[in-house]
Structures are given as structure tokens and as C-alpha cells.
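1. 3D model of this:
(one chain, ligands or ions: 1)
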Amino acid sequence: MIAITRAVSDAINDCELTHVAREPIDLEVARAQHAAYERALEAAQCTIVRAAPAPDCPDAVFVEDTAIVVDEVAIITRPGAVSRRPETAGVAEVLQRFRELRFIDAPGTVDGGDVVVAGRRVFIGRSSRTNDAGIAQVRALLLPFGYDVKGVEVRGCLHLKSAATRLSEGQLLVNPAWVDRAAFDGMELLDINPAEPNAANLLSTGDDFIYPAAFPRTGDLLERSGLTLKIVDLSELAKAEGAVTCCSVILTA
Ligand code: CIR
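-> Modelled structure (predicted):
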């Protein structure tokens, strides 16, 4: 597997924030945590490929939002936040080595953080970042490859992946306060511990799982259900409203 990552920008303190109050982010700590995250990805059988740094893009470290990658193709998104649109070129530059590229066009907007792929099913959050035109474009681009794309309402959080992520092809980890269970008909759902609302963001890379230290109760639940977790501390990037899935784009080589 390949994990595309990107350095934490010098400007991260100017990041977009939606549901989190601004607090100073310590750049050195954020960079050390990001380096440990990359090591966890390597331990999870990923080869790291870094996009060129984008020091003028405060949110550049959150590469997930710039692309949707499946085995057949990569879709370069048009992020919902205008400040994030300059991030896509550098990720496209890397991804074109591995996949044919397609692009989301105006008026469509999509953040990769809204896109959950589970086998041939693709759930896309309708959020402050992703609109219906964007969802329709992803549907049209993936239909020829046999993917079923479904728009899903999210509330109270930034992205669909704040509320639901993939545990396996048929199973999701969810926070039912932020997304209705009924949206995922046919999938098996595991609920987070409700005392940890941000705990539904888990990163799976094949058979390995990377999970934040911040959610020990849900972490326990996952381990009791048989998963082995690689635990990382991303507390500084959480101040920029980032989590474990946001900091990489995972693809099969
Ligand atoms: C933003 O608001 O766009 C960034 N500060 C955080 C993006 C996090 N990305 C993600 O969850 N996929």
C-alpha cells in the first residue's frame, strides 16, 4: 500500500475551523506527532510518498480532502473551503504516477473527508464542504467501474468521516449522533462510546488500524471486538480539526 502524506505547513495556525475553537498549535509538536503518524503508517505496511510541501496552504497536511482514490481511478476534488483549493495540484502531481486522474468541476465541491468507500459502496456526506453537484459528479465518474454512490446527511460534525469510517468491507464504526444508522442499510455498524463523540475516525490500511490515543474507551471496544490498533497521538492536529484519516491518502500500489 502507498500512503500519500504532506508536511505540516508553517501556516497551520491559520487553518480552517468549523466546530472547534481556535487554540495555538505548537508547530514543533505537530510535526513530531505527524512524523510518528508516518512511522505508524510504515508499521501498517504502507510506503510513504510525500507530496511537495505547501507552506502557504495552512491545511495542506490534511491530504485526504484533496482526492478520492479507488483501484481504477483517482478523483481530484474541489474542496469546499476556498482556501484549500490550491492544495489539490501538488497531490494530483503525485497521484498521476499511480492512477488515471479525473477532476471535480465547479459548481461541485467535495472534500475527501466526506467519502467513505466500503467495497463497491461509496457513501458521501452532504456537509458544509460537499454539495449535491459534487456528489453527482463522483457518482458519474465511479458508475462505469461498478460503484454505488449514495449521499448521506451529516449533522454536528465537519465531515462524514468524523461520523463514520470503514472497519471492513461490510462494517463501519459510527457515531449515530452525527449520522443516521439507516443511511448505511446492509452494513454492520459498531457504535463508538458516546462519551467520545470524535471517536468514529479510524484509519484502516488493509488489515491494519491506526487510531488516536484520545479515545481510549472506544479503543477498548475496538480491541475487544478483535482489532489490533496502532495508537497515535495527534492532539496538536486535532486543534486544526484534523484526525487520523485526514493526514493520508491510502491506495494500493
Ligand atoms: C479544515 O477545516 O478543512 C481543516 N482544518 C481540517 C480538515 C480535516 N480533514 C478531514 O477530516 N478529512
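
2. So which residues of the stretch 101-250 of the chain form strands?
-> For the stretch 101-250 of the chain, strands defined by DSSP state E, counting those that start in this stretch occupy the ranges 101-103, 115-118, 121-126, 148-153, 164-168, 171-174, 188-191, 203-205, 208-212, 229-232, 249-251.

3. okay, the ones you listed in JSON lines with mean neighbour count, mean pLDDT and distance to the ligand next?
-> Quick note: C-beta positions are derived from backbone N, CA and C, even for glycine. Written out in JSON lines, the entries for the strands of the stretch 101-250 of the chain read as follows (neighbours: other CB atoms under 10 Å; pLDDT from 0 to 100; distance: least, CB to the nearest ligand atom, whole Å):
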{"stretch": "strand 101-103", "mean neighbour count": "15", "mean pLDDT": "98", "distance to the ligand": "19"}
{"stretch": "strand 115-118", "mean neighbour count": "22", "mean pLDDT": "98", "distance to the ligand": "9"}
{"stretch": "strand 121-126", "mean neighbour count": "22", "mean pLDDT": "98", "distance to the ligand": "10"}
{"stretch": "strand 148-153", "mean neighbour count": "16", "mean pLDDT": "98", "distance to the ligand": "15"}
{"stretch": "strand 164-168", "mean neighbour count": "22", "mean pLDDT": "97", "distance to the ligand": "10"}
{"stretch": "strand 171-174", "mean neighbour count": "22", "mean pLDDT": "98", "distance to the ligand": "15"}
{"stretch": "strand 188-191", "mean neighbour count": "14", "mean pLDDT": "98", "distance to the ligand": "20"}
{"stretch": "strand 203-205", "mean neighbour count": "23", "mean pLDDT": "96", "distance to the ligand": "11"}
{"stretch": "strand 208-212", "mean neighbour count": "23", "mean pLDDT": "97", "distance to the ligand": "12"}
{"stretch": "strand 229-232", "mean neighbour count": "18", "mean pLDDT": "98", "distance to the ligand": "15"}
{"stretch": "strand 249-251", "mean neighbour count": "22", "mean pLDDT": "98", "distance to the ligand": "10"}
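
4. do you know which of these lies nearest D56?
-> strand 249-251 (20.4 Å; CB to CB).

5. chain center to the closest one: distance?
-> 10 Å (CA atoms, centre = their mean, to the nearest Å).

6. near the ligand, which residues of the stretch 1-150 of the chain show up?
-> With CB under 6 Å from any ligand atom as the criterion, the stretch 1-150 of the chain meets the ligand at residues C15, E16, T18, D59, F62, E64, D65, A81, R84, G113.

7. check contacts around the closest residue to the fifth one other than its chain neighbours.
-> Put plainly, it is F62. In space, F62 comes closest to C246 once its chain neighbours are excluded; the distance is 4.2 Å by CB to CB, 6 or more residues apart in numbering. Residues counted as contacts of C246 (CB atoms under 8 Å, 6 or more residues apart in numbering) are V61, F62, V63, E64, D65, G113, K161, N201, L237.
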